[in-house]
Structure formats: structure tokens, C-alpha cells
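Asker: Fold the stuff below for me.
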Amino acid sequence: MEKVPDISFKNDTIFYGFAVFIERAASFFVIPILTKTLPQEYYGIWTQILITTALMGPIIMFGFYPATVKFLSGENNKIKVSKIFHGMLLVSIINLVLVCIACFGFAVPLSRFLFGDAKYFKFVHIFGLFLASESLFQLLLSYLRAIKKIKIVSVYYLIKNAVRLSILAIGTFIFKVNLLSMLQLLVLSQIILVMIIYLVHISHTLTLCRGKIIVGWKGIIYFALPLIPYSLFLWGNSFIDRYFILHILNINQLSKYAIAYSLAAFIMFLYSISSYTLYPHMAKLWNTNDKNAASYLLSKVVDYYLFLSIPIIIILSVFHTEILKIVSNASYFSSWQVVFFLTCGVTIFGLYQLTSNIMLLAEKTMLIFYISLAAVLTNVLLNIFLIPIFGILGAAISMLFSNIVLTGLTIFLNKKIIEQYVVYFSFIKILPGACAMLISIMVLRSVLKTESFFTFILAACVGLSVYLMVDLFSKNSKIIGFIKPMIKT
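Answerer: This is a model prediction of the structure:
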């Protein structure tokens, strides 16, 4: 079966990919700003705020992020769209107000749970407001995503991250303000951005309608409600290890683990781009009953995702020390095994994020719920057993194996929904190039006999060039396969 994926999908992916690349770069530059100017525990606090926001956002938003795309994509009745979206917005605001009240009323016990010590209770206050601004930002962008305004979404991501990086850099190096004050400025900037998005893109196109605002919600609730515990389990599978590290070890070990995870997060650049732009296009094909085309589009994305992920795993695992020297100091260093297991785990999770689109489109949210439950239970049991023995390496191993469970079950059960064109043997096809890349890097590094920044750049570029050359001379070149349809178009 040979189909050329929709060129608009490629354009959206490239444009959004640039925005996510800038986001990853901004996150990368935030690391030295915090690690080289603030005490080690404050980087742990920063990462805890981010990952807890990632947990709470989808839960208090009642699964509205994917539901917005699922039910508003292709809907031409503006009154119906307005009532559905503003209903979601109203429910979200009520939930966020309750969460903020809880953050102020129970700051001390929440501080012990989130940060391992009651003395950080003021950060709980700002966490509630940070969560509210971030959640509303994501909901508004979900609407823009539903109407396939991916370029506009990308622009707002660029603005948000540029402002975030600027506040942290200027606040730290010029005004010497503390982390709490910088977080307050971040919240204020995001609230302003949320208001701008609503006024510019939503208020004039989706006017508030009189009458019942809860319209057409039976299907939405049936779809979205299972996504709440699912989001909890999915988050738990990705980040619950942080809490085990915090309470079994300490916040400094958490900071060390978070830095290693930030390297692995480069893989997120790939699957977050692909998944974000893929779902609306798959939903359009699915809703027009062209399910085979949707599945085929998924297969091509998976193929390229794995092709791009493998060299990143190699570079991060081999040169983790050189990279960590750039962004932090020796107190944050971890072993190459930690980085390797984390990058592999994140890569496999990205594969899950892509392949789970089939279950979302088939509205098999309860099935997704059970799969995520199995994965998080695996993660919890392994963390309890491995962290006391191996430290943060045990957490990395736990994350890898739980993601294998998560992804393996998803791919297996997808077969029962639709005939798939997912390329299961992509990794085998990529393996020769990966081996050639690894060998060339290790040989060059051995010859130069140094671990300098120059060696890192030179060896990484040479290894990547070898990897790409092996692909170009292969029978089914990924590079040629990507460029050729675009040239024809």
C-alpha cells in the first residue's frame, strides 16, 4: 500500500517541530540558569512543580484536552462548538479555583508531600496559580489544535517559552531575585497570554450563547471520564519515581535524577511533535471512515520517529558527562547507565503516545485505562524494590520496564481494532546504521583520547554522518522517502 501522507500534515509537523525545538532548547538553557546559581534543592523544587502540573492538569481538566480535538474537529455548527467549549472552560475554571483554595489552605502538608519539607510551603501557593495558568493555556490551544491552527499554536508556544526563559535569565543574572519571585512573574505572564489568546482567537468566533450550555455532552463525558484516572496512571508511570526518590533518598538525589531525565527529554521533542500534529489528521481520516489511511499515516510517523530517536539515544548515553558539564556541576552527575535506561524508556513511551491514537479514535478509553493501570503498578512495584538497592538507577530501570509493558500491550491490542500498517521491524532496519554510528563514535573518541567539548561535537557529527550515509545507501532510505513526496508536490 503506497499513499503519500497529507502534505498539510508534514507542513504542520515541521512548523510545530520548530516551536517544540525552541521549547526544548529553552528548557535546556533553563538548567544551567538554575543549577549554577541556586542551591541544588531548588532545582528539585522547580522540576517537582513542572511534573505535578503535568499530573494535575489533565485530571482537573476532566480529559478535555483530547476531547476538544476529538469532538470539535470538523464540527461546522458554531453555536454547538461554542456551547461545548465554553462548558469545558467553565468546568475547568471551577476546578482550578478549588485547587488554588486547597493549595493555600493545606500548604504545609502539601509541601511535605511535594518537596519533602514543610519549609517550602510558599512554593505550594504559587504552584496552585502556576497550575491554573498552565491548564487554561493548554485548553485554549487544544481548541486551536482542533480547528487545525497548528501554526498559531506553535507561535504561542514560542512566545510562552521565550518569556519563561527571559524571566528566569534576567531575574537570576541581572536582578538576582529568588526562585519564588520568578515563579510569580511566570504565572502573571501566562495569565496575560491566556487572556490574549481568548480575546484574539476565541471570543469573536465563539460568542457566548444563551440557553443551556451543556449540549451534546453525553458522548463527551463517556469519552473523557475514563481519561481522568488514565491521566493519573499515565503520569504515575512517567513521574511517580520522583516521589519515591524524594522520600526514600532525598531532594538532592531527585535533582540529580531530574538532570539526567532532562537529557532523555530530548526524545520528547520527537514524539511530542509527531503526536500533537498527528492526532487531528488521524481524527479527520477516522471520522470520514478512512481508517486504513489513518493507520497507514501512523505507521509512517512511527517509522520516522524510531529512525530519529536511535542516534539521540547513542549520543546522550555516550556523551552524557560532556553534556552535563555544560549545563550543571559535578554534584548533578549520574552514570551513563542511568541516562541510557532513561532515554530508552522515554523513547518507548513516545512509541506508546503515537500508537495509542488508534484506541483514542476508536473510543476505547476504558481499554487505555486498564493498560495504563498495569504499567503504573509495574512501575510502583519495581521502584519499591529497586530504588533502595540501586538508587536512582533503580528508578530508571523501573521506568524502562513499565513503558515496555505500556507500549507492548497497546500495540498488541490495537490489532483487535483495525488492520495496522505499523512498521514493527523498523528497529531491525535501523540497527546497521546505529551500530556503524556507535562504532565510529567510540573509535574516534579512543583515538583522540580526551573527553573535551570539541571531542563531543566532532565525534557526534561524524557518528551522525555515518548513520545518515548508511540510510542513504539502504534500499528503503528514510531520508529519500521523506523528501521525495514533498518535491513531487
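Asker: I'd like the average pLDDT over stretch 190-198.
Answerer: Per-region confidence: stretch 190-198 scores 94 on mean pLDDT.
Asker: What residues of that stretch count as buried?
Answerer: 190, 193-194, 197-198 (16 or more other CB atoms under 10 Å). Any C-beta I mention is one placed from the backbone N, CA and C, and that applies to glycine too.
Asker: Of those residues, which pair is most distant in space?
Answerer: 190 and 198 (12.7 Å; CB to CB).
Asker: quick revisit: pick the one among the buried residues of stretch 190-198 closest to residue 302.
Answerer: residue 197 (31.7 Å).
Asker: you'd agree that closest one is up against residue 138?
Answerer: No - at 10.8 Å, residue 197 does not count as touching residue 138 under the criterion of CB atoms under 8 Å.
Asker: All the helices of the stretch 251-400 of the chain, residue numbers only.
Answerer: Assigned by DSSP state H, counting those that start in this stretch, the helices in the stretch 251-400 of the chain fall at 251-264, 266-287, 291-318, 320-327, 336-355, 357-361, 365-390, 392-414.
Asker: Residue 455: which of those is closest?
Answerer: Of all the helices of the stretch 251-400 of the chain, helix 320-327 comes closest under CB to CB, at 7.6 Å.
Asker: Among the buried residues of stretch 190-198, which ones are in strands?
Answerer: When DSSP state E defines the strands, the subset of the buried residues of stretch 190-198 inside them is empty.
Asker: picking that back up, can you add mean pLDDT and give the helices of the stretch 251-400 of the chain back as a markdown table?
Answerer: Formatted as a markdown table, those follow (pLDDT from 0 to 100):
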| stretch | mean pLDDT |
| --- | --- |
| helix 251-264 | 87 |
| helix 266-287 | 76 |
| helix 291-318 | 86 |
| helix 320-327 | 82 |
| helix 336-355 | 91 |
| helix 357-361 | 83 |
| helix 365-390 | 90 |
| helix 392-414 | 92 |
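Asker: okay, these in a markdown table with mean neighbour count and distance to residue 31 next?
Answerer: Formatted as a markdown table, the helices of the stretch 251-400 of the chain follow (neighbours: other CB atoms under 10 Å; distance: least, CB to CB, whole Å):
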| stretch | mean neighbour count | distance to residue 31 |
| --- | --- | --- |
| helix 251-264 | 24 | 6 |
| helix 266-287 | 22 | 12 |
| helix 291-318 | 21 | 14 |
| helix 320-327 | 18 | 4 |
| helix 336-355 | 23 | 14 |
| helix 357-361 | 21 | 31 |
| helix 365-390 | 18 | 23 |
| helix 392-414 | 22 | 17 |
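Asker: quick one, which of the ones you listed is nearest to residue 63?
Answerer: Nearest to residue 63, of the helices of the stretch 251-400 of the chain and by CB to CB, is helix 365-390 at 8.1 Å.
Asker: which other helices and strands contact that closest one?
Answerer: Helix 365-390 sits against helix 227-248, helix 357-361, helix 392-414, with contacts defined as 3 or more CB pairs under 8 Å, 6 or more residues apart in numbering; DSSP states H and E.
Asker: Tell me which other helices or strands the last one touches.
Answerer: Translated: helix 392-414. Going by 3+ CB pairs under 8 Å, 6+ apart, helix 392-414 lies up against helix 227-248, helix 251-264, helix 336-355, helix 357-361, helix 365-390.
Asker: The ones you listed: which one's closest to residue 36?
Answerer: Residue 36 sits nearest to helix 251-264 of all the helices and strands packed on helix 392-414, at 11.8 Å, using CB to CB.
Asker: who's in contact with residue 233?
Answerer: By CB atoms under 8 Å, 6 or more residues apart in numbering, residue 233 lies in contact with 369, 372-373, 375-376.
Asker: tell me the pLDDT at residue 432?
Answerer: 88.
Asker: Quick check: chain neighbours aside, which residue is closest to it?
Answerer: residue 470 (5.9 Å; CB to CB, 6 or more residues apart in numbering).
Asker: Pull the distance from the helix or strand residue 143 falls within to the chain's centre.
Answerer: Assessed by DSSP states H and E, residue 143 sits inside helix 121-146. Distance of helix 121-146 from the chain centroid (CA atoms, centre = their mean, to the nearest Å) equals 15 Å.
Asker: same for that helix, what does it pack against?
Answerer: helix 40-60, helix 64-72, helix 78-105, helix 107-115, helix 150-173, helix 179-197, helix 266-287.
Asker: Kindly reformat those as a markdown table containing distance to residue 406.
Answerer: As requested, these are exported to a markdown table (distance: least, CB to CB, whole Å):
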| stretch | distance to residue 406 |
| --- | --- |
| helix 40-60 | 16 |
| helix 64-72 | 17 |
| helix 78-105 | 27 |
| helix 107-115 | 25 |
| helix 150-173 | 26 |
| helix 179-197 | 31 |
| helix 266-287 | 13 |
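Asker: follow-up on the earlier one: now the contacts of residue 233 as JSON lines including distance to residue 71?
Answerer: Below are the contacts of residue 233 laid out as JSON lines (distance: CB to CB, whole Å):
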{"residue": "369", "distance to residue 71": "19"}
{"residue": "372", "distance to residue 71": "22"}
{"residue": "373", "distance to residue 71": "25"}
{"residue": "375", "distance to residue 71": "27"}
{"residue": "376", "distance to residue 71": "27"}
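Asker: Return the member of the residues you listed nearest to residue 251.
Answerer: Using CB to CB, the contacts of residue 233 come closest to residue 251 at residue 376, 22.9 Å.
Asker: and the closest one, what does it touch?
Answerer: 233-234, 236-237, 240, 402.
Asker: now residue 126
Answerer: Each residue near residue 126 by CB under 8 Å, 6+ apart is listed here: 49, 180, 183-184, 187.
Asker: let's go with 6 Å and repeat that
Answerer: Residues in contact with residue 126, defined by CB atoms under 6 Å, 6 or more residues apart in numbering, are 183-184.
Asker: same check, this time on residue 333
Answerer: Applying CB under 6 Å, 6+ apart, the residues near residue 333 are residue 324.
Asker: cool, and residue 43?
Answerer: 34-35, 255.
Asker: Could you look up the SS state of residue 476?
Answerer: Per DSSP: H, G, I helix; E, B strand; the rest coil, the secondary structure class of residue 476 is coil.
Asker: how many neighbours does it have?
Answerer: Per other CB atoms under 10 Å, the neighbour tally for residue 476 reads 10.
Asker: Return the backbone torsion pair for it.
Answerer: phi -110, psi 70 (degrees, to the nearest 10).
Asker: Excluding covalently adjacent residues, which one is nearest to it?
Answerer: That would be residue 429: by CB to CB, 6+ apart, it lies 7.0 Å from residue 476.
Asker: quick one: low-confidence parts of the stretch 1-150 of the chain?
Answerer: 1-13, 74-75 (pLDDT under 70).
Asker: mind running it again at 90?
Answerer: Scanning the stretch 1-150 of the chain with the threshold set as pLDDT under 90 gives 1-44, 47, 50-92, 95, 114-117, 141-150.
Asker: Dump the helices of the stretch 251-400 of the chain to TSV, plus distance to residue 455.
Answerer: Formatted as TSV, those follow (distance: least, CB to CB, whole Å):
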stretch	distance to residue 455
helix 251-264	18
helix 266-287	20
helix 291-318	11
helix 320-327	8
helix 336-355	16
helix 357-361	41
helix 365-390	30
helix 392-414	25
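Asker: Check which residues of stretch 445-461 are buried.
Answerer: So, applying 16+ other CB under 10 Å, buried residues of stretch 445-461: 445, 455-456, 459-460.
Asker: Could you do stretch 157-165 as well?
Answerer: Neighbour count says stretch 157-165 has 157-158, 160-161, 163-165 buried, by 16+ other CB under 10 Å.
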